[in-house]
Every structure is written in structure tokens, then in C-alpha cells.
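> Quick one, fold the following:
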Amino acid sequence: MLQSLHVKNLALIDELEITFQKGFNIMTGETGAGKSIIIGSINLALGARYQVEILRKGAEFGFVELVFFVQNPLQIARLKELEIFLEDGFVILNRRFVENRSYARINGEVVTAGKLKQVAEILIDIHGQHEHQSLLYKEKHLAILDVYGKAEIQVIKENVQEAYKAYKDTKARLEENLLDERERQKKLSLLQFEVEEIETANLQEAEDEHLEEQYKKMLSAKKIREGLMQTRALLEDETGQGASDLLGRGVRAIQEVGNYDEQIRILCEQLGEIEILLQDFQRDLVDYEQTLDFSEEDFAEIESRLNTINHLKTKYGNTVEEIMAYYTLQEEELQKLSDYEVYIESLKQAYQEAEHIVYEKASQLSILRQSYATQLAKCIQEELLELNFEEVCFEIAISEKESVTEYGRDDVEFQVSLNTGEQPKALGSVASGGELSRIMLAIKTVLADKEDVETLIFDEIDVGISGRTAQRVSEKLALLSANHQVLCITHLAQIAAMADAHYLIEKQAKDNRTITNIRLLDSTQEIEELARILGGVTITDTVRENAREMKKLATTNNRRECI
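A predicted model of the protein is given here:
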């Protein structure tokens, strides 16, 4: 449930913090007191679009935070799927606003507005002043039906989506490979040329690296040879003054005195090892010099081979490995085009099989939706009767689309008749705005136990209703609050009287500025606010007595009956 709301520096709000209760939370106030700002702040915390105009004039930043206490295992599981984990049972959503930018966090970690919205959908459902207009779109009807029957529909729906993806993939592959004979021959000719060119080169693994090394060595052979000859001359020359000769003399000299002292013997051994290392080095040096002996033909052959490989690199890949990978792909494509008729026939067969499967799955989904549509229509009609639609007839019409989509083949439309003898028609052509609002309330009541969301917010759902209808709406909202946390902004005393917790939203003057505030009313203050709603400008004792009577009836008879 929504534990608290904290707002700072937004519109008329300087700073306020509200702690909400379980059950039915009512918010009332004079027109213009800032009720819409409260709902707007909640929406901002849930990821709604931020516009800089809402930032309080003169403020450096704005801030809004929602704290949820979550116990529902289904909600916890869905949050984990989004890698959101509870902290002592709490999920904290907040956004900070600075000029034209906003920063969202969940439990202290920065997230995108998109992820904020995903998490919000799990935690709370807001029925805004214009949300009922979504009932005019048939896509919404399909979504409502699927939510109602999701225990069975969801699995089949996922099967349809999987089958549809396979169907689209095979269709796209078939269309990509459908060529006329001229195109096929042209592509075949190119593939044959490329495959033969790479095959003729007879490339070896890492051959380019080895040849590059040899080529560089050949280019530098003269300079390398000069350096090696100078090194060899310094090690051993004709005068006997080379490093090798001098080292040999040193070894013999130290050997003559080696028996006089143990330390000298150790030094003698070390110098002997150095002489052996030098001899090994001289042999390796001679061996390497011999590798520098190559003919002009050898150089030309390596240069030509490198030119061939580099030419292939400009066309097929940056390395021998990439060229061979390209060769493998082109060879496979060549094989397909060589056996084109067989390949296309296999694609057509795969497409037909995928098409059959997706339409079969879609039919299964349609049958299931038809069954749940009958149940849902009956439930909604019962709710509408309780909301003072006395002559209502509610139906869900399902027709079949010409082609399948990832959602199946069903075209779902809610239809209603509000007068006896009239045929049910599309909602938009029959129901007014106020009627649509009550229809949405009926739908939400039916879906309340089907959805995992625990907190429901209704913003001025009472627009356009009064009297008996208002009473029925209030009872329905109270019924919802028996198993859900409900927050409702209202102008009607019938609804306000049902409150478990009643909050007053009001404007105050502070430091020559107007600010919006909200406070929880005690029982005496609640009666006074009900009297204000009932009595208008002048509040008499009779009006107050009516308010007390209304509250008493709401908390005893009406509330008990509807629960």
C-alpha cells in the first residue's frame, strides 16, 4: 500500500508530507485549493512527463517521493523480475526536478523514467479525470478482457506470441529469398566468383601474420646483416682481441688459482658458464645469419603472396579468419541458389507449418476469450446495475480479424444499451462522459481481485453525478476499499462520508505567497468539512446535523451493507 507522499517546491506546494491509511482515503477541498496538484505530484513520482512550469517559482529544485509498503507475494515477485528488491518491506520512488531535467530513483538507485513507470504499474493504479476516455478504444477492451481471464489466457497468449514470431520470421526469410531467374543467375554468378577467388588463394591459418613478419625481415636484411657482422667481429677477431678470446683467457687464468680458495672456485664456475653461454650465442648468431640468405625470387614470391592476401582483405575481411568466415557464408548461399527450387520449397513448407500453428494457437485463444467474455460481460452488467444503471444491457462482441497478429485474431468491443428495447452499441456512441466514468468504475471493481495492484486512486470520479447515483458510487468505492487501499478526490458528501481517513486540501497565505497544504481531519473536523460540502456559503446547525447523520449512516448501515 501507499505509505506516504512527500512533495517539495511543486506548483503551490512549498513542502508537505502525507501519511495514508489502509482502506478508504478521501481528499476534499474548495475548488482551486490544489487537489489536482496532489494527484499531479503522485503522477510525477510514477514517471509522468515533467514540465518546468510546475516547479515552484524561485525554487532551485522540486522533489516528490512515494513510499510503498509491499507484502503481496505476486507484487514482490514481479518487482524482482525488474531487479527491484524490498528494503525492510518498503519500495521508495522519488524524482528530483532541476530546471529542464529530472532524476528518478528507486530505493536510492538511479533509474530511467521508463523503469519507474514499469514499477509504478505493479504498485498503483490511477483512474484520472479523463482515463474513462480510454474505453472509447477497442484495444483497451481487449486488454481488459485478457486481464480478467489472465489465469488461463496469459499462457495461451504467450504461445500465440511465440508462434507469431516464428511465423513472421519464416515469412520474412521466404520473401527475402524469392528471386526471379535473372536475379538468381546474377547473384549465383557473383557468389561463384567470390567462392572461387577465395578457394584459389588457398589461404592458411594466420598466414598473413607469418608472411608480414618475413617480408619485414627481408626488407631490413641488409641492415640486420651489417649489425650481426659487427657483433660477430667484436666477439672474435683475427688479432685474438675479441670478447670470446679474452673471455677464454680469463677462464684459464682463474682456473690456475681456483684451488686456493672456495670462493675463487665458485667464481671460476660462474665464468665458465658465461663462456658456454657465449659459445651458444655465437652458434645461434651464425644460424640466424643463414636465414638472411634469400634470393630475389624468394622476396618477389612473398611480396606477391602478400599482395594476393591484401587484395582479398579489401573485399572480404580484415584478417584471414574473417575472409574464411565470409567464404563459409557465401558457400552456403551458393549451395542454396544452386539447389534453389529445393531450398524455396523447404522455406514454403516451413512458412505453411508456422502459419498453421499460429492460426491454430490464435483459435485456441479466441475460444478462451469467448468464454471469459461471457463471464466478464455478466459481471460488469451486475456492477452497472448497482451503480444505478437500471435498464442497462452490457455485452462484449468478439469478431475475427482477417489476419493474425501477436495478440491473436480477436477484435473485441464493449457494447452497452442504457435503455430498454435498444440494441447494445459501441460505448462511445451511447455513453456520456459521466456514464463512461461509472462504467470504468464497474470494470475496475470487477478486475480488482484479478490484478495484483493494491492501491487504487480515483481522481474526481464523481463528476456529473449526484443523489442516488452518487450514493451507489460511494458504496462501490467503499466495497473496493475493503480489500484494497483506495485514495479518492471528491466533491460529493456521499462519497466523503464513507472515508476511513479524511484529508482536507486547502490554500493558505504564507510570507505573501499562496501555498497548498493537506491535513488529516479528526472526527469533529470531518463533520465540519462534510457540512461545508453540503451547506455551501452558510453552514447552519441543521447542516451540521445532516452531516453527522450522513457520517453515522455511512459508518453503520451503508458501509456494513456494501462490505
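
> what's near enough to touch the residue nearest to A166 when sequence neighbours are not counted?
Distances taken as C-beta to C-beta, 6 or more residues apart in numbering put A354 closest to A166, at 4.9 Å, once the chain neighbours are dropped. Yep, even glycine has a C-beta here, placed from its N, CA and C like the rest. By C-beta atoms under 8 Å, 6 or more residues apart in numbering, A354 lies in contact with 163, 166-167, 169-171.

> which of these are buried?
163, 166-167, 170 (16 or more other C-beta atoms under 10 Å).

> Among these, which ones are in helices?
Secondary structure assignment by DSSP state H places 163, 166-167, 170 of these in helices.

> can I get those in TSV with distance to D88?
As requested, those are arranged in TSV below (distance: C-beta to C-beta, whole Å):
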residue	distance to D88
A163	43
A166	45
Y167	47
T170	50
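
> before we move on, back to that, let me know the pLDDT of the residue nearest to A166.
pLDDT, A354: 94.

> Work out for me the element it sits within.
Using DSSP states H and E, A354 sits within helix 340-386.

> What's the first helix or strand after that helix?
strand 393-405.

> Now do the buried residues in the helix or strand just after that following strand.
Once strand 393-405 ends, the next helix or strand along the chain (criterion: DSSP H and E) is strand 408-417. Of the residues in strand 408-417, those buried by neighbour count under the rule 16+ other C-beta under 10 Å are 408-410, 412-417.

> Show me what the helix or strand following strand 408-417 is packed up against.
Note on strand 408-417: by DSSP H and E, the next helix or strand toward the C-terminus is strand 425-426. On a contact count with 3 or more C-beta pairs under 8 Å, 6 or more residues apart in numbering; DSSP states H and E, strand 425-426 meets strand 408-417.

> ok, back up a step: got JSON lines for the ones in helices among the buried ones among the contacts of A354, with distance to M27 and pLDDT too?
Output for these, formatted as JSON lines (distance: C-beta to C-beta, whole Å; pLDDT from 0 to 100):
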{"residue": "A163", "distance to M27": "48", "pLDDT": "95"}
{"residue": "A166", "distance to M27": "50", "pLDDT": "94"}
{"residue": "Y167", "distance to M27": "50", "pLDDT": "95"}
{"residue": "T170", "distance to M27": "55", "pLDDT": "92"}
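
> Going by distance to E262, which of the residues you listed wins?
Lowest distance from E262 to those (C-beta to C-beta) belongs to A166, with 84.9 Å.

> Now for that closest one: which residues touch it?
354, 357-358 are the contacts of A166 under C-beta under 8 Å, 6+ apart.

> tell me how far the helix or strand hosting Y288 is from the chain's mean position?
Assigned by DSSP H and E, Y288 belongs to helix 262-291. Distance, stretch centre to chain centre, for helix 262-291: 68 Å (C-alpha atoms, centre = their mean, to the nearest Å).

> just checking, what packs against that helix?
Secondary-structure packing of helix 262-291 (3+ C-beta pairs under 8 Å, 6+ apart): helix 221-235, helix 243-256.

> so which of those helices gets nearest I533?
Judging these by C-beta to C-beta, what sits closest to I533 is helix 221-235, at 101.0 Å.

> Got phi/psi on G464?
phi 80, psi 10 (degrees, to the nearest 10).

> hang on, the earlier thing: among the buried ones among the contacts of A354, find me the one that's closest to L347.
Closest approach between those and L347, by C-beta to C-beta: T170, at 7.0 Å.

> wouldn't that closest one be in contact with Y351 here?
Yes - applying C-beta atoms under 8 Å, one finds T170 in contact with Y351, separated by 4.5 Å.

> can you tell me the average pLDDT over stretch 417-433?
Rounded mean pLDDT across stretch 417-433 is 82.

> repeat for stretch 361-379
95.

> That stretch: which residues count as buried?
Neighbour-count burial for stretch 361-379 [16+ other C-beta under 10 Å]: 361-362, 365-366, 368-369, 372-373, 376-377, 379.

> What segments of the stretch 101-250 of the chain are helices?
113-123, 138-148, 150-177, 181-201, 207-219, 221-235, 243-256 (DSSP state H, counting those that start in this stretch).

> And the third one, what's buried?
Translated: helix 150-177. Those would be 153, 156-157, 159-160, 163-164, 166-167, 170, 174, for helix 150-177 by 16+ other C-beta under 10 Å.

> Repeat that for the second one.
For helix 138-148, a neighbour-count test (16+ other C-beta under 10 Å) marks 138, 140-142, 144-148 as buried.

> hang on, the earlier thing: and the helices and strands packed on helix 262-291, which one averages the lowest pLDDT?
Taking the mean pLDDT of the helices and strands packed on helix 262-291, helix 221-235 comes last: a mean of 69.

> between the contacts of A166, which is nearest F68?
The closest of these, once distances to F68 are taken by C-beta to C-beta, is V358, at 39.5 Å.

> Surely that closest one touches A163?
Yes - taking C-beta under 8 Å as the definition, V358 is a contact partner of A163 at 4.1 Å.

> Please tell me how far L82 sits from Q71.
18 Å (C-beta to C-beta, to the nearest Å).

> Likewise for L427?
Taking C-beta to C-beta, one finds L427 at 36 Å from Q71.

> More neighbours: the two, which one.
L427 (23 against 10; other C-beta atoms under 10 Å).

> and the more buried one, what does it touch?
135-136, 414-416, 436, 439.

> again, but for A11
Residues near A11 by C-beta under 8 Å, 6+ apart: 34, 37, 40, 54, 56, 516.

> hmm, back to that, quick one: the contacts of L427 as a markdown table, columns for distance to E390 too.
As requested, those are exported to a markdown table (distance: C-beta to C-beta, whole Å):
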| residue | distance to E390 |
| --- | --- |
| L135 | 20 |
| L136 | 24 |
| F414 | 19 |
| Q415 | 18 |
| V416 | 13 |
| L436 | 17 |
| I439 | 14 |
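
> Out of these, which two are the most distant from each other?
Q415 and L436 (13.3 Å).

> Spatially central, which residue of this structure would that be?
With distances taken as C-alpha atoms, centre = their mean, the chain has K115 as the residue nearest its mean C-alpha position (6.3 Å).

> per-residue pLDDT, F63?
pLDDT, read off for F63, is 94.

> Quick one: residues contacting D410.
By C-beta under 8 Å, 6+ apart, the contact set of D410 is 142, 365-366, 369, 398-401.

> Apply 10 Å and report the result again.
Contact analysis of D410 by C-beta atoms under 10 Å, 6 or more residues apart in numbering lists 141-142, 145-146, 362, 365-366, 368-370, 373, 398-401, 404.

> ok, now how distant is it from L135?
Separation of D410 from L135 (C-beta to C-beta): 17 Å.
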